[in-house]
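1. here you go, sequence then predicted model.
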Amino acid sequence: MQANLFTNVILPLALAIIMLGMGLSLQLEDFKRVTKYPKAVSIGSATQLIILPIIGFLVAKIVPMQPEIAVGLIILSLCPGGPSSNMITYLANGDVALSVTLTVLSSIITIFTIPLFANLALQHFLGQTAAIALPIGSTMLQIFLITIVPIGLGMYIKRIFPETALRLEKVANRLAIAFLALIILLILIREWNRLPEFIVQVGVGVVILNILAMLTGLLITKLFKLNIPQQICVAIEVGIQNGTLAIAITAGLIKNEDMAIPAAIYSLFMYITGFAAIYYGRKLSATNCVSNNLAGKV
């Protein structure tokens, strides 16, 4: 669980490269479109910041687990989406501009909500409190360097060299899938010895949290009749949390490695459901595209 080459270098670098490829597919107009239609941003933010922690609390109460594990699961549900959700949204043909907007917004808000609700979880399950204060400067810098800078660079390349960006985007799409597979492989290698122990302790709770969160995001967006790319985006944004940040809070700030176990298992399992979301999103987009084309010919 300790910080190492993988969490400090390989994972952020891989995600930054994927973000660059994502930026090659975006234009400034994409973000202007999001501000013109705040409904999706409001629904996505409310689902992630309010409903997801409630789901995390219910899972921690219903599924039998140690108190430390329960606190770790709730802290995980309090974390923002992170670059991984942006990457998976991109590969699933979701609304990338909306995904980035939700990630940045939730990352800012959770700087204040995580300390508050994490302490409530500690009081409820362990009868104690802890001084949890996220390093605001380094947290925002990490988000900026891994997400905003490469996306901005990709958008700049597309604006100045559109033909080059088109060619690079095709290459970046293939690299993104390869990096996703590499991330899963490296997590497996890194945690192989302790994987059975982790799965026994928290596997059921993590699986339920991940699947319920993604299904809830999808159902709510369907209920409010968001378009297909927005439905895909919100489902992924709510279902894919920043496991690395959860590990940093539990093992680093609170200094309790048992609390970090849910995030370690989640960091592996979320990429499995991420692949499923990519398959479903691409299939849904293709079906929607065919339906629109047929409607246009009528």
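-> In hand now; what should we look at?
2. for this protein, longest helix please?
-> helix 261-297 (DSSP state H).
3. would you mark the buried spots in that one?
-> 261-271, 273-275, 277-278, 280-281, 284-285 (16 or more other CB atoms under 10 Å). In this view, the C-beta of every residue, glycine as well, is placed from N, C-alpha and C.
4. same thing with stretch 250-262?
-> Quick answer for stretch 250-262 (16+ other CB under 10 Å): Thr250, Ala251, Gly252, Leu253, Ile254, Asn256, Glu257, Asp258, Met259, Ala260, Ile261, Pro262.
5. gap between Gly217 and Gly56?
-> 14 Å (CB to CB, to the nearest Å).
6. cool, Gly23 as well?
-> Distance from Gly23 to Gly56, by CB to CB: 32 Å.
7. likewise for Arg194?
-> In terms of CB to CB, Arg194 sits 23 Å off from Gly56.
8. what is the least confident helix or strand in the protein?
-> One helix or strand of the chain scores below all others by mean pLDDT, DSSP states H and E: helix 136-143, with a mean of 61.
9. ok so, going back, from the buried residues of stretch 250-262, which single one is nearest Ile157?
-> Gly252 (35.6 Å; CB to CB).
10. quick check, pLDDT for that closest one.
-> What the model reports as pLDDT for Gly252 is 68.
11. also Leu180?
-> 60.
12. please renumber so the chain begins at 59
-> In the new numbering, first residue 59, that becomes Leu238.
13. what residues of stretch 284-298 count as buried?
-> 284, 286-298.
14. and those residues as JSON lines, adding distance to Arg217?
-> Converted to JSON lines, those look like this (distance: CB to CB, whole Å):
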{"residue": "Leu284", "distance to Arg217": "28"}
{"residue": "Ile286", "distance to Arg217": "27"}
{"residue": "Pro287", "distance to Arg217": "22"}
{"residue": "Gln288", "distance to Arg217": "24"}
{"residue": "Gln289", "distance to Arg217": "29"}
{"residue": "Ile290", "distance to Arg217": "26"}
{"residue": "Cys291", "distance to Arg217": "23"}
{"residue": "Val292", "distance to Arg217": "28"}
{"residue": "Ala293", "distance to Arg217": "30"}
{"residue": "Ile294", "distance to Arg217": "27"}
{"residue": "Glu295", "distance to Arg217": "26"}
{"residue": "Val296", "distance to Arg217": "31"}
{"residue": "Gly297", "distance to Arg217": "32"}
{"residue": "Ile298", "distance to Arg217": "29"}
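15. which of the residues you listed lies closest to Lys228?
-> So of these, ranked by how close each gets to Lys228 (CB to CB), first place is Pro287, at 19.8 Å.
16. pretty sure Ala176 is touching Ile132, no?
-> Yes. Under the criterion of CB atoms under 8 Å, Ala176 makes contact with Ile132 at 7.3 Å.
17. quick one on the thing from earlier: helices or strands up against the longest helix of the chain?
-> Judged by 3 or more CB pairs under 8 Å, 6 or more residues apart in numbering; DSSP states H and E, the packing partners of helix 319-355 are helix 125-136, helix 141-149, helix 220-249, helix 253-281, helix 286-297, helix 301-305.
18. what angle do that helix and helix 286-297 make?
-> In terms of direction (axes from the mean of the first three to the mean of the last three CA atoms, to 10 degrees), helix 319-355 departs from helix 286-297 by 170 degrees.
19. what mean pLDDT does helix 319-355 get?
-> Here the average pLDDT along helix 319-355 is 75.
20. orientation of it relative to helix 253-281 in degrees?
-> Relative orientation of helix 319-355 and helix 253-281, computed by the same axes, to 10 degrees: 30 degrees.
21. distance from the chain centre to helix 319-355, please.
-> 14 Å (CA atoms, centre = their mean, to the nearest Å).
22. do stretch 132-143 as well
-> The answer for stretch 132-143 is 6 Å, by CA atoms, centre = their mean.
23. just the CA atoms of it, as PDB, please.
-> Provided in PDB are the C-alpha atoms of stretch 132-143 (Å, rounded to 0.1, in the frame of the first residue of the first chain):
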ATOM      1  CA  ILE A 132     -16.900   5.000   3.000                       C
ATOM      2  CA  ILE A 133     -13.800   7.200   2.400                       C
ATOM      3  CA  LEU A 134     -13.500   5.500  -1.000                       C
ATOM      4  CA  SER A 135     -17.100   6.500  -1.800                       C
ATOM      5  CA  LEU A 136     -16.300  10.100  -0.800                       C
ATOM      6  CA  CYS A 137     -13.500  10.400  -3.400                       C
ATOM      7  CA  PRO A 138     -13.900  12.100  -6.800                       C
ATOM      8  CA  GLY A 139     -13.700  10.300 -10.100                       C
ATOM      9  CA  GLY A 140     -10.100  11.100 -11.100                       C
ATOM     10  CA  PRO A 141      -8.400  10.700 -14.500                       C
ATOM     11  CA  SER A 142      -9.400   7.000 -14.800                       C
ATOM     12  CA  SER A 143     -13.100   7.900 -15.100                       C
END
